[in-house]
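Novice: Starting from these lines, generate the structure:
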Amino acid sequence: MNYQSIIQRTRAYLCLDCGKCTGSCPLARVDLHYSPRRIVESVVFGEAETVLADPHLWACMTCGLCSARCPSNVDFSRFIIEMRAEAFRAGERGIYAHNGILQEVMRIQTMDVHQERTGWLADDMQTSGESEYFYFVGCLPFFEVIFADLDFQALDIARNAVRLLNRVDITPIVSNEERCCGADLLLAGDEDSFRRLAELNVEVIKESGARKVVFTCAECYNAFKNDYPAYVGQLPFEMMHLTELLAAKIEAGALPFHASPGLVTYHDPCRMARYLKVHEPPRTVINSVPELELVEMEDNRERAMCCGSTAWVNCSSCSKLIQKEKLRQARETGASVMLTTCPKCQIHLSCAARDLDAEQTVEVEDVVSWVGRALA
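Specialist: Residues are numbered from 1 along each chain as shown. Alright, predicted model coming up:
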């Protein structure tokens, strides 16, 4: 295999051996054997086959913090994703968390299956078969079941999303035919299954006639906006996170909330903060709730720390150390709640919080669920 194309596409040949990537990496701080710099060097100097067989290839969280600080603009996250695709084709795999059920659910959805995904809709929610807006629910229906032990009310995010859209006079399409966005499969090296899911999702949305797609999951949003075009071509619709849409409506005075006294902090998901550069809309939404005070963590926006795991692969003791550090930063703000815009971050951080005493942690909630309950 010629790895020069990966090196060229990701600018890995420009690595200066400065070590800023390793010094920035949350994983390298807790795993002394992990180094982004050494992984790049191994491939550049002709040792790619060794990297393909190295378990550390699957440990990277693709959080993008190293790329954001690289003086040579090496795209290390893309480098890792493309090397994992090569490893996957060679029969290598990371260690799947949760017995691999999430990966299997995704692969099942590449098949010709009929789903009942909309049973969570309530009588007070207005949806339509024809609309300018398509609400992409993603894996929330599956998360509700798989992570029941965390008491993770995943579908509360979806219900509040529809209620918030209705409040700003949007009656969205919610489809039984959408599939998982596939981001986790791409991050775990399974490009073929990812491509198939992308094709199916784009076709469903095109056939619906919608011209705008709204997301409540940061990773779904990033998959559509940054990854889908590379696999299925330019998408014929506009994409936005719900907080972006709500922030615009709030600034126009179209979305009132009742007072909800309290102190909260906000966790920037990697895909929102570094991949999509969406920092302010979630904060605008949070700050619009009367008597709710937002206090920032030590590391925020593009400097925000990752939730510690990705793609449901290689969740380890190192992941837990990163998550506990994130929870520590949240706790030190004095906030009782950490809000986020990624259900996967909520799952990972809530899982880690179970191992801590009450005084050592904070509650983790989704912004959409939180502000949905504050609607006036």
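Novice: biggest strand in the protein by residues?
Specialist: strand 262-267 (DSSP state E).
Novice: Just the buried residues of that one, please?
Specialist: Neighbour-count burial for strand 262-267 flags Val264, Thr265, Tyr266, His267 (criterion: 16 or more other C-beta atoms under 10 Å). Backbone N, C-alpha and C define where each C-beta goes, glycine included.
Novice: Over to stretch 355-367?
Specialist: In terms of neighbour count (16+ other C-beta under 10 Å), stretch 355-367 has its buried residues at Thr361, Val362, Val364, Glu365, Asp366, Val367.
Novice: thinking again about what came up before, strand partners (parallel or antiparallel) of the longest strand of the chain?
Specialist: Counting by DSSP bridges, the strands paired with strand 262-267 are strand 292-294 (parallel), strand 337-340 (parallel).
Novice: and among the ones you listed, the most buried is which?
Specialist: The highest mean neighbour count among the strands paired with strand 262-267, using mean count of other C-beta atoms under 10 Å, belongs to strand 337-340: a mean of 23.
Novice: In which helix or strand does Phe142 reside?
Specialist: The secondary structure element spanning Phe142 is helix 140-146 (assigned by DSSP states H and E).
Novice: Please apply the same query to Glu41.
Specialist: Secondary structure assigned from DSSP H and E places Glu41 in helix 36-44.
Novice: Now do that helix: which elements does it pack against?
Specialist: When contacts are defined as 3 or more C-beta pairs under 8 Å, 6 or more residues apart in numbering; DSSP states H and E, helix 36-44 packs onto helix 4-9, helix 20-24, helix 48-52, helix 76-89.
Novice: who's in contact with that helix?
Specialist: By C-beta atoms under 8 Å, 6 or more residues apart in numbering, the list of residues contacting helix 36-44 from outside reads 3, 6-7, 12-13, 15, 17, 19, 21-22, 25, 28, 48, 50-51, 54, 56-57, 60, 66, 74, 76, 79-80, 83.
Novice: Buried residues, it. List them.
Specialist: Buried residues in helix 36-44, defined by neighbour count with 16+ other C-beta under 10 Å: Pro36, Arg37, Arg38, Ile39, Val40, Ser42, Val43, Val44.
Novice: export that helix as CSV, just CAs?
Specialist: Provided in CSV are the C-alpha atoms of helix 36-44 (Å, rounded to 0.1, in the frame of the first residue of the first chain):
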residue,chain,number,x,y,z
PRO,A,36,0.5,11.9,17.8
ARG,A,37,3.9,13.1,16.7
ARG,A,38,5.4,9.6,16.8
ILE,A,39,2.5,8.1,14.9
VAL,A,40,2.9,10.7,12.1
GLU,A,41,6.7,10.1,12.0
SER,A,42,6.3,6.3,11.8
VAL,A,43,4.1,6.6,8.6
VAL,A,44,6.2,9.4,7.1
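Novice: For that helix, give the mean pLDDT please.
Specialist: Helix 36-44 carries an average pLDDT of 87.
Novice: Out of the buried residues of helix 36-44, which comes closest to Glu325?
Specialist: Each of these was scored against Glu325 by C-beta to C-beta, and Pro36 proved nearest at 18.6 Å.
Novice: Can you get me a residue count around the nearest residue to that closest one once chain neighbours are set aside?
Specialist: In space, not counting the residues next to it along the chain, Pro36 is nearest to Cys21; the distance is 4.1 Å by C-beta to C-beta, 6 or more residues apart in numbering. Here the number of neighbours of Cys21 (other C-beta atoms under 10 Å) works out to 25.
Novice: Over to the one 4 residues further on?
Specialist: By the criterion of other C-beta under 10 Å, Cys25 has 23 neighbours.
Novice: so where does the nearest residue to Val371 once chain neighbours are set aside fall, helix or strand?
Specialist: Closest residue to Val371 in three dimensions, ignoring its sequence neighbours and counting by C-beta to C-beta, 6+ apart: Val285, at 5.7 Å. Element membership for Val285, per DSSP H and E: helix 280-287.
Novice: What lies in contact with that helix?
Specialist: Residues outside helix 280-287 that contact it (C-beta under 8 Å, 6+ apart): 241, 243-244, 246-247, 250-251, 264, 266, 272, 292, 294, 339, 341, 367, 370-371.
Novice: Could you verify my assumption that Glu302 touches Arg274?
Specialist: Yes. If you go by C-beta atoms under 8 Å, Glu302 and Arg274 touch, sitting 5.6 Å apart.
Novice: so what sits against both of the two?
Specialist: With C-beta under 8 Å, 6+ apart applied, the overlap between the contact sets of Glu302 and Arg274 consists of Ala68.
Novice: and the two? which has more neighbours close in?
Specialist: Per other C-beta under 10 Å, whichever of Glu302 and Arg274 has more neighbours is Arg274, with 23 against 15.
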